[in-house]
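**Student:** I'd like to go over a predicted model; first the sequence, then the structure.
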Amino acid sequence: RSKMDGRGKWRFFEPAMDANVQSRRALEVDLREALEKDEFALFYQPIYDLRKDRISGFEALLRWQHPKRGMVPPDQFIPLAEEIGLITALGEWVLNRACEQASSWPNELKVAVNVSPTQFRDASLANVIANALDRSALAPHRLELEITESVLLGNSTETIATLHELKARGLRIALDDFGTGYSSLSYLRSFPFDKIKIDQSFVRDATATKGSKLIVRAITSLGRSLGMTTTAEGVETVEQLNQMKAEGCNEAQGFLFSRPVPATELAITILSLRNGLKRSDLSRAIAS
Ligand code: C2E
Ligand code: MG
Ligand code: MG
Ligand code: MG
């Protein structure tokens, strides 16, 4: 098939590309209606405090239960939601739902919410957060925002101001997927983060590759000297957990502890981690 382009010339598309464009369009149409149709849900993955030997909170991870496609993973629709201007509304839904659900958890548990770059730059963010906290009566210190390094590109004066404003309200800020973006170490000095989340690619390789191990070591020691908590993402094996403990990580998160679960399974997840840890390899790893 072919199509007239803007300058009146015929452009030819590969059939495969055409199919991609079409399926993207179809996804876009569905995504625009998904909020109204109530097709989104939050799953939660525990974040484990290695020193206190207990769950410190849960990260909210967005799921789209599409009636025909099944579960669409966030990597497939969040970039699209950003592009078509839906991320602000979707992000607001996530913040409201996460605060509402977390307000029924025990007080010592925090909730971490991912905030996309466009959502972070939106002028309404502070109000959206204030509303979500008001409605749910969740204490602000129990809400942690996860942002990625790409947020820090753009206008840094404005970004720093936003971060300070959110922190002044009592929220905590985590730098997600650290080490994968356009990181400059000076970011860590200029921005008031409470936490650095070490990307799972380093965690995965740290038991096999010396380079990754040294990167994890460097990040944890940097975090320590800057007074920031460090969290290892994507911990899948006891070996990786031991490695992360040896490097001085404060927290760990990953399939070893639990996959992300629906809100209705939080209590059972907390219980099974508590009991499982008493007997399993995991407890030996954590106690060592
Ligand atoms: P993220 O914030 O870095 O979240 C961690 C991702 O790693 C999650 O994927 C989680 O399921 C996965 N994961 C956790 N432990 C393990 C493990 O041991 N092994 C492996 N292989 N993977 C593990 P998920 O849920 O597919 O989310 C992907 C990304 O989508 C997130 O990365 C985050 O950037 C984005 N995302 C998710 N929910 C939201 C949201 O509500 N808003 C925004 N803006 N982004 C979101
Ligand atoms: Mg995250
Ligand atoms: Mg991450
Ligand atoms: Mg990620």
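**Tutor:** Noted; the coordinates are in hand. Ligands and ions are numbered 1, 2, ... in the order given.
**Student:** who does the closest residue to ligand 2 within the stretch 151-288 of the chain bridge with?
**Tutor:** Residue nearest to ligand 2 within the stretch 151-288 of the chain: Asp176 (4.3 Å; CB to the ion). The way it works is simple: take the backbone N, C-alpha and C, and place the C-beta from them, glycine included. As for beta bridges, Asp176 partners with Thr148 under DSSP bridges.
**Student:** Could you give the number of residues near it?
**Tutor:** By other CB atoms under 10 Å, 23 other residues sit near Asp176.
**Student:** Same question for Ala123.
**Tutor:** When counting by other CB under 10 Å, one arrives at 9 neighbours for Ala123.
**Student:** Any figure for the gap between it and ligand 3?
**Tutor:** To ligand 3, Ala123 is 26 Å away according to CB to the ion, to the nearest Å.
**Student:** Would you enumerate the residues in contact with the residue in the stretch 1-150 of the chain that ligand 2 sits nearest to?
**Tutor:** Using CB to the ion, the closest approach of the stretch 1-150 of the chain to ligand 2 is made by Glu146 at 4.1 Å. For Glu146, the contacting residues are 59, 112-115, 174-176, 197, by CB atoms under 8 Å, 6 or more residues apart in numbering.
**Student:** at 6 Å what do you get?
**Tutor:** Contacts for Glu146 (CB atoms under 6 Å, 6 or more residues apart in numbering) come out as 112, 114, 174, 176.
**Student:** Can you classify it by secondary structure?
**Tutor:** Following DSSP: H, G, I helix; E, B strand; the rest coil, Glu146 is assigned to strand.
**Student:** Same question for the one 5 residues further on.
**Tutor:** Under three-state DSSP, the three-state class of Val151 is helix.
**Student:** That one: neighbouring residues, count only.
**Tutor:** Using other CB under 10 Å, Val151 has 23 neighbouring residues.
**Student:** shouldn't it be in contact with Ser116?
**Tutor:** No - in this structure Val151 lies outside contact range of Ser116 using CB atoms under 6 Å: 8.4 Å.
**Student:** which residue is nearest the middle of this structure?
**Tutor:** Geometric centre of the chain, nearest residue: Asn114, 4.2 Å, by CA atoms, centre = their mean.
**Student:** any idea how far that residue is from ligand 3?
**Tutor:** For Asn114, the distance to ligand 3 equals 8 Å [CB to the ion].
**Student:** re earlier: ok, now which ones touch the residue of the stretch 151-288 of the chain closest to ligand 2?
**Tutor:** 146, 148, 197.
**Student:** Nearest to ligand 3 among these?
**Tutor:** Of all the contacts of Asp176, Lys197 has the smallest distance to ligand 3: 5.2 Å, by CB to the ion.
**Student:** can you pull the contacts of the closest one?
**Tutor:** Contact partners of Lys197, counting by CB under 6 Å, 6+ apart, are 174, 176, 178, 231, 233.
**Student:** Run a quick neighbour tally on the third one.
**Tutor:** The one in question is Phe178. The number of residues packed near Phe178 is 26, by other CB under 10 Å.
**Student:** Reduced to three states, what does the residue nearest to it when sequence neighbours are not counted come out as?
**Tutor:** Leaving aside its chain neighbours, Phe178 sits nearest to Ile196 (4.9 Å; criterion: CB to CB, 6 or more residues apart in numbering). When classified by three-state DSSP, Ile196 comes out as strand.
**Student:** count of neighbours near Ile196?
**Tutor:** Applying other CB under 10 Å, we find 23 residues neighbouring Ile196.
**Student:** Correct me if wrong: it contacts Ser221.
**Tutor:** No - look at Ile196 against Ser221 with CB under 6 Å: they stay out of range, at 11.3 Å.
**Student:** What mean pLDDT does stretch 24-33 get?
**Tutor:** Mean pLDDT, computed over stretch 24-33, is 93.
**Student:** now swap in stretch 125-135 and tell me
**Tutor:** For stretch 125-135, mean pLDDT rounds to 97.
**Student:** now do stretch 260-272
**Tutor:** Average pLDDT, stretch 260-272: 93.
**Student:** is ligand 1 contacted by that stretch?
**Tutor:** Yes - interface with ligand 1: stretch 260-272 contributes Pro260 (CB under 6 Å from any ligand atom).
**Student:** for that stretch, which positions count as buried?
**Tutor:** Neighbour-count burial for stretch 260-272, with 16 or more other CB atoms under 10 Å as criterion, is recorded at 260-261, 263, 266, 269-270.
**Student:** what would the residues you listed look like in TSV with secondary structure?
**Tutor:** Listed next are the buried residues of stretch 260-272 as TSV, based on three-state DSSP:
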residue	secondary structure
Pro260	coil
Val261	strand
Ala263	helix
Leu266	helix
Thr269	helix
Ile270	helix
